[in-house]
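Asker: Following is a predicted model, sequence given first.
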Amino acid sequence: MEIRLTSGKRLSAHEGSDLYQALKGNGVYLVSSCGGKGTCGKCRVRVVEGPCETVSHGKLGQKERAEGIVLACRTFPKGDVLIEIPKESVLVVGDKIAISKSRDLFELFESFSVDVSPVVKHLCLDVPPPTIHDNISDVERLKRALDAAGIKGVRFSHGFVSSMAGALRKAGWKIILGYTEDLEAVFVGSADGYNDKYGLAVDIGTTTVVVYLVDLADGRLVDVGSTYNSQIRHGDDVITRIIHATEGGGLSELRDAVVGDINDLLNPLVERNSVERDDIESVVIAGNTTMVQLFWGLDPASIREEPYIPTANFFPRWKAGTSHVAVNSQTPVYTVPCVASYVGGDIAAGVLASRMHKRSEIALFMDIGTNGEIVVGNNEWLMTAACSAGPCFEGSGIRHGMRATEGAIESIRIDPPTWEPELGVIGDSQPLGICGSGMIDAISEMFLTGIIDQRGKLVRKVKTDRIREGEEGPEFVFYRGDRNVALTEVDIENILRAKAAIYAGVSLLLKEVGFGLEAIERVYIAGGFGNYLNVERAIILGMLPDLPKEKFVFLGNTSIAGAYLCLLSADLRREAEEIASKMTYMELSVSRRFMDEYLSALFLPHTDMTLFPTVAELMKK
Ligand code: FES
């Protein structure tokens, strides 16, 4: 069977596979939040001609159906077909995404006043060459030279020994030995041909992957690469990926996807900077618990099942060869330790980068990404929880929701006399959808101007034709064009659920440690989303606590910042380990009190308006 695309491409498809799978098999990926289960409604395509059987229309409206739009994952071609893929359905994963280099990174490192001490240390050794009279083996010879240098107990792995004999002779026995801080020999090089050594700090996010190439001599950030995590092809959130890994048999597929992303980012970095892969001597990985397990090829099934147990929180220092990262196979890979199933090394790295664990002030750390994680504490104690807000701020579960890429409405102002919205669109292009920061703006503006009430319902007496009965019920249209961009009451309900989960997590965690909001002296906001978050609007929404604006500090991607710190310093690796072991994890999903907090937070901004005095003041105005 042949699938022709209106762009002119011709693809072949197997009998019995749906359009989503058939396109995927040919390297054409569609946006899919549900991983092809027919529930998210994102994989819309138009069948222009040819026989197809559609088994379900899911979320598609009458108008779309009349136009020939179908869900690709619920549609089976029954012969040669011609398909049109709308722009908003195309998933772009290979593209680089803009993540600003952290200018203050080295300053941050210096603020810890620790020495540069990467995972691998070096030792120059002048090893006496073997003779007929001094005929002990190469390994014994190396041990003897190490003993003479005062270094005892070095271990030799099979991988090291198998390449050692040639390397010793090639170097003429005047060598530089690379060994890890826990005394494992990893490299032998010639003392004459010493190159600069590099390291990689890697953040594996559910949505994005970021790689920093770092000069290990002075901690200089040499280059940065970032891309979408290709695992997105199998679903937006960690739960969908765990299901794909365990029930769908896709563990190796998910592992290959993320390791492939890291390697794809690495290629231009080494080329641009003329760096030899063999000179990349250490790698540090930070990610949430599921991402880290998938990276190491560990089945994440038990993370999802009560009592929610990960396979490991503290990972041995396995080798790059085991991970398939394309550097020297002996390069040690340090995994920033995780805390629990839903609080990973990205959060330990984040706390490290925020330095809240060093200060006596009570601080709140919130990582608002695809998952929401919260930490409260100071230099004496740390308590943490994750709230399953879901990826709605990434566009999932929202009819016209999308990620913060070109064409996404990211800011909105509504003029009350006319109810006309003024839109800020990424790339100044035609709006294709609305991203997380746009959703926060939209709802806070609609609320303050009286378009929606405290329950998020559209107020019918507002006289504007932008409020209308859409195919999925009442909606407010922000943009009218070839493709309208609207928020429906159902979308608003989903956004309120996500913000309620985040607020309830904060509220319950504080109650658990016996503190009120007034005790919080600093709020650190982390996560890619944190870059665009408007604090005042997020307070009006009731997602962030109503605290003075000056208490909020934006930190951007703290997972990669923490990975960078761990790459450079043994002391900071120990600190990350202390943070992870010190953090007390609270499992919110089993708490009945969480449900009470959550239900109270479902209103705009909250049922208890005394918690949001500045919003109450704005409402009066
Ligand atoms: S509805 Fe088809 S991928 Fe979600």
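Answerer: Structure's in. What do you need?
Asker: from here on, contacts and neighbour counts on C-alpha atoms
Answerer: Will do.
Asker: Tell me what Ser190 is bridged to.
Answerer: With DSSP bridges as the criterion, Ser190 is bridged to Ile175.
Asker: again, but for Leu382
Answerer: Judged by DSSP bridges, the bridge partners of Leu382 are Gly377.
Asker: Which pLDDT value belongs to it?
Answerer: With respect to pLDDT, Leu382 scores 97.
Asker: Now do the helix or strand harbouring Leu565: which elements does it pack against?
Answerer: Secondary-structure assignment from DSSP states H and E places Leu565 in helix 558-568. Under the contact criterion of 3 or more CA pairs under 8 Å, 6 or more residues apart in numbering; DSSP states H and E, helix 558-568 touches strand 198-204, strand 208-215, strand 280-287, helix 345-354, helix 570-582.
Asker: Highest mean neighbour count out of these?
Answerer: Mean neighbour counts were taken over the helices and strands packed on helix 558-568 using mean count of other CA atoms under 10 Å, and the top value, a mean of 30, falls to helix 345-354.
Asker: CA atoms only: put that helix into PDB for me.
Answerer: Extracted in PDB, the C-alpha atoms of helix 345-354 (Å, rounded to 0.1, in the frame of the first residue of the first chain):
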ATOM      1  CA  GLY A 345      18.200  13.700  40.400                       C
ATOM      2  CA  ASP A 346      17.000  16.800  38.500                       C
ATOM      3  CA  ILE A 347      15.600  18.000  41.800                       C
ATOM      4  CA  ALA A 348      18.700  17.100  43.800                       C
ATOM      5  CA  ALA A 349      20.700  19.000  41.200                       C
ATOM      6  CA  GLY A 350      18.200  21.900  41.400                       C
ATOM      7  CA  VAL A 351      18.400  22.200  45.100                       C
ATOM      8  CA  LEU A 352      22.200  22.100  44.800                       C
ATOM      9  CA  ALA A 353      22.200  24.900  42.200                       C
ATOM     10  CA  SER A 354      19.700  27.000  44.200                       C
END
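Asker: Now do that helix: which elements does it pack against?
Answerer: Against helix 345-354 (3+ CA pairs under 8 Å, 6+ apart) you get strand 280-287, helix 558-568, helix 570-582.
Asker: CA atoms only: put the helix or strand just after it into PDB for me.
Answerer: Once helix 345-354 ends, the next helix or strand along the chain (criterion: DSSP H and E) is strand 363-368. Extracted in PDB, the C-alpha atoms of strand 363-368 (Å, rounded to 0.1, in the frame of the first residue of the first chain):
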ATOM      1  CA  ALA A 363      12.800  28.500  51.100                       C
ATOM      2  CA  LEU A 364      10.400  26.900  48.700                       C
ATOM      3  CA  PHE A 365      11.800  25.300  45.500                       C
ATOM      4  CA  MET A 366       9.300  24.600  42.700                       C
ATOM      5  CA  ASP A 367      10.300  22.900  39.500                       C
ATOM      6  CA  ILE A 368       7.400  23.500  37.100                       C
END
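Asker: And the average pLDDT for strand 363-368 is what?
Answerer: Here the average pLDDT along strand 363-368 is 94.
Asker: That one pairs with which strands, parallel or anti?
Answerer: Using DSSP bridges, strand 363-368 pairs in its sheet with strand 372-377 (antiparallel), strand 522-526 (parallel).
Asker: List the contacts of the residue lying farthest from the centre of the chain.
Answerer: Of all residues in the chain, His133 has its C-alpha farthest from the mean position, at 59.4 Å, by CA atoms, centre = their mean. Residues near His133 by CA atoms under 8 Å, 6 or more residues apart in numbering: none.
Asker: Strands of the stretch 51-200 of the chain, start to end?
Answerer: 52-54, 69-71, 75-77, 81-84, 120-126, 155-156, 174-180, 184-190, 198-204 (DSSP state E, counting those that start in this stretch).
Asker: can I have the fourth one written out in CSV, keeping just the CAs?
Answerer: Think strand 81-84. C-alpha atoms of strand 81-84 as CSV (Å, rounded to 0.1, in the frame of the first residue of the first chain):
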residue,chain,number,x,y,z
VAL,A,81,-4.4,7.1,0.0
LEU,A,82,-3.5,10.8,-0.2
ILE,A,83,-3.1,12.5,3.1
GLU,A,84,-2.7,16.1,4.2
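Asker: neighbours around Val161, how many?
Answerer: 17 (other CA atoms under 10 Å).
Asker: Contact partners for it?
Answerer: Val139.
Asker: show me where the stretch 301-450 of the chain has helices.
Answerer: For the stretch 301-450 of the chain, the helices defined by DSSP state H, counting those that start in this stretch cover 301-304, 320-323, 345-354, 436-448.
Asker: Of those helices, give the one that comes closest to Gly205.
Answerer: helix 345-354 (8.2 Å; CA to CA).
Asker: wouldn't Phe594 be in contact with Ile502 here?
Answerer: No: with contacts defined as CA atoms under 8 Å, Phe594 does not count as touching Ile502, sitting 10.7 Å away.
Asker: more crowded one of the two?
Answerer: Higher neighbour count among Phe594 and Ile502: Ile502, with 27 against 20, using other CA under 10 Å.
Asker: Tell me the confidence at that one?
Answerer: pLDDT, read off for Ile502, is 93.
Asker: Give the residue spans of the protein that score low on pLDDT.
Answerer: 92-103, 528-532 (pLDDT under 70).
Asker: what helices or strands is the lengthiest helix in it leaning on?
Answerer: Of all the elements of type helix in the chain, the one with the most residues (DSSP state H) is helix 489-512. With contacts taken as 3+ CA pairs under 8 Å, 6+ apart, helix 489-512 sits against strand 372-377, strand 382-387, strand 473-479, helix 592-600.
Asker: mind checking which of the helices and strands packed on helix 558-568 is nearest the ligand?
Answerer: Proximity to the ligand, assessed across those by CA to the nearest ligand atom, is greatest for strand 208-215 (19.4 Å).
Asker: Against Gln231, how distant is the spatially closest residue to Asp278 that is not a sequence neighbour?
Answerer: Leaving aside its chain neighbours, Asp278 sits nearest to Asn328 (4.8 Å; criterion: CA to CA, 6 or more residues apart in numbering). Distance check for Asn328 against Gln231: by CA to CA, to the nearest Å, it reads 25 Å.
Asker: try Glu253
Answerer: On the measure of CA to CA, Glu253 and Gln231 end up 8 Å apart.
Asker: Between these two, which is the more surrounded one?
Answerer: Gln231 (24 against 15).
Asker: That one is in contact with Val258, isn't it?
Answerer: Yes: with contact defined as CA under 8 Å, Gln231 counts as touching Val258 (6.5 Å).
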